[in-house]
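Novice: Sequence and predicted structure, then a few things I'm wondering about:
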Amino acid sequence: MTNEHYVITQKRILPVQLGLKHYVIILLPPVLFIWSVFLYNNKWRIIVQSIEDEAPEKRKKYVILAWIIIAVIVINLILSIYLLKWNYDKVMGV
């Protein structure tokens, strides 16, 4: 497995080498977030308990907000794939 990716610029495909520092920069924020919320002092239990203590109307708002966020993420993914394909076809002349 090679560590080589390609970037399309000005109708040329250029190789891009990703080193260890790039992977650390990409992976460090999510890992730190997961560690701080779920593993360090079990903060997730406090968050879950505070949501369970809320009134049913407010919990319903939280559920609706969560579904809206999930829908936006899925729509963004689909749109990104579409735009990536559109740009590739435009640059490559397909």
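Specialist: Everything's here; your move. Numbers count the residues shown, from 1 in each chain.

Novice: Roughly how far does the closest residue to Glu52 other than its chain neighbours sit from Leu65?
Specialist: Leaving aside its sequence neighbours, Glu52 sits nearest to Arg59 (C-beta to C-beta, 6 or more residues apart in numbering; 7.8 Å). For glycine as for every other residue, the C-beta is placed from the backbone atoms N, C-alpha and C. Distance of Arg59 to Leu65, computed by C-beta to C-beta, to the nearest Å: 11 Å.

Novice: Compare the two (neighbour count), which wins?
Specialist: Just comparing Arg59 and Leu65: by other C-beta atoms under 10 Å the higher neighbour count belongs to Arg59, 13 against 10.

Novice: So in this structure, which helix runs the longest?
Specialist: helix 56-92 (DSSP state H).

Novice: What residue spans form the domains of the chain?
Specialist: For the chain, automatic domain parsing gives the domain ranges 1-53, 55-94.

Novice: where's the last one relative to the chain centroid, distance-wise?
Specialist: In this case it means domain 55-94. When distances are taken as C-alpha atoms, centre = their mean, to the nearest Å, domain 55-94 is centred 10 Å away from the chain's centroid.

Novice: Do me a favour and average the pLDDT over it.
Specialist: For domain 55-94, mean pLDDT rounds to 85.

Novice: Surely Arg59 is in contact with Ile51?
Specialist: Yes - contact criterion C-beta atoms under 8 Å: Arg59 and Ile51 qualify, at 6.4 Å.
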